[in-house]
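> Sequence first, then the predicted structure, then my questions.
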Amino acid sequence: MHQTAFTYHPDFLAHDTGPGHPECAERLETIHQHLERRQILGRILPLTPEAASLEHIRAHHTPAHINKIAQLSTANGPVALTPDTIGSPATFQTACLATGAVLQAIDAVMEKRAVNAFCAVRPPGHHAEFNQIMGFCFFNNIGIGARYLQSKYHIGKVAIIDWDVHHGNGTQHSFEEDPSVFFFSIHQSPHYPGTGARREKGRGPGQGFTLNVPLAAGVGNSEYLKVFRTELRQALDVFKPDFILLSAGFDAHRDDPLGNMQLTEEGFGMLTREVVNLARDHCCGRLVSVLEGGYALAATAASVETHLRVLMDSQI
């Protein structure tokens, strides 16, 4: 069946970042309520995630990193692990569940129960290094997903596309020496976390398999679309991925408080169409999209709706 899968769990709301933090439970509550109101949820394949095993998480993160997050379970409340990243007693289980949601979505696509999938998860993941909590991120959901594709399904080439307004430093660093994973990031620059320059193209055997497109503040739909239709299309036409993973942050929206870009809901729809076309042309439509950033509640929810509608319209 050519269907879009959607994975969500109310336990994602248990990760408590404290009052006033932008990466809050209301992000997912607003998305889910909006999709219900717009009658989207009844038209997609619902997936109920289970926590990822430590075996799968260890394929990407060090034991010390995992243990540091696990120790939050004994905390009395929200704890600042870095100046911007807050953990709580529920964070470890929630982060394992978020990663598990991505793995389950991959299973649904690989088993042909769905042609593509969107994972409405938190905490996000693309800033998490193999041994470092960073930028609201604990486990690198996309990175663990790529390793899972390689180990369980023997996927030869994985492309990771990251359109979050912030550079996906953790994902890039995880694969910059790996020629079997192509990493593309389009992001505001200068901006947090300060990485993602054009000159960063991978290292050693992975040289040439990283493509960064840093853009100045104020860029909108047409400029983004041009990059997707030229640089990204050309790169993936050469790489020929067997599966595409998408770090879908919606904080490049013009209303987002953590970015200074000018994308609209319609712009995210157009970018989604380009990614769907790449998946259709190279890997039988196999695509899993994972929520990263997006902190303007209404704008993020509306952008997710547009994103899902394009995924749902995919015909392979």
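Nice, I can see it.

> When you work out contacts or count neighbours from here on, use the C-alpha atoms and nothing else.
Noted.

> mind checking how far residue 128 is from residue 113?
30 Å (C-alpha to C-alpha, to the nearest Å).

> More neighbours: which of these two?
residue 128 (25 against 16; other C-alpha atoms under 10 Å).

> List the residues that contact the more buried one.
134, 135, 137, 138, 139, 140, 169, 170, 171 (C-alpha atoms under 8 Å, 6 or more residues apart in numbering).

> Please apply the same query to residue 175.
181, 182, 183, 206.

> Tell me which of the residues you listed fall in strands.
181, 182, 183 (DSSP state E).

> Excluding sequence neighbours, find me the nearest residue to the first one.
Put plainly, it is residue 181. In this structure, residue 181 finds its nearest non-sequential neighbour in residue 158, 4.8 Å apart by C-alpha to C-alpha, 6 or more residues apart in numbering.

> Give me the pLDDT for the one you found.
Note on residue 158: pLDDT of 99.

> Please apply the same query to residue 314.
At residue 314, pLDDT is 71.

> what about it, how many residues close to it?
Other residues close to residue 314 by other C-alpha under 10 Å number 17.

> Over to it. Which of the three states is it?
coil (DSSP: H, G, I helix; E, B strand; the rest coil).

> which pair in the contacts of residue 175 spans the largest distance?
Maximum pairwise distance among these (C-alpha to C-alpha): 10.1 Å, between 183 and 206.

> what residues are shared contacts of these two?
175, 176.

> Compare the two (neighbour count), which wins?
Set residue 183 next to residue 206 and count neighbours by other C-alpha under 10 Å: residue 183 wins out with 27 against 17.

> The nearest residue to residue 261 once chain neighbours are set aside: neighbouring residues, count only.
Distances taken as C-alpha to C-alpha, 6+ apart put residue 218 closest to residue 261, at 4.6 Å, once the chain neighbours are dropped. Neighbour count of residue 218, defined by other C-alpha under 10 Å: 13.

> which residues does residue 218 contact?
Taking C-alpha under 8 Å, 6+ apart, we find residue 218 in contact with 260, 261, 262.

> out of these, which is most surrounded?
residue 261 (23 neighbours).

> Now do stretch 38-55: distance from first to last residue.
Taking C-alpha to C-alpha, stretch 38-55 runs 38 Å from one end to the other.

> what's the answer for stretch 180-194, then?
End to end - C-alpha to C-alpha - stretch 180-194 spans 25 Å.

> and what of stretch 259-269?
Termini of stretch 259-269 sit 19 Å apart (C-alpha to C-alpha).
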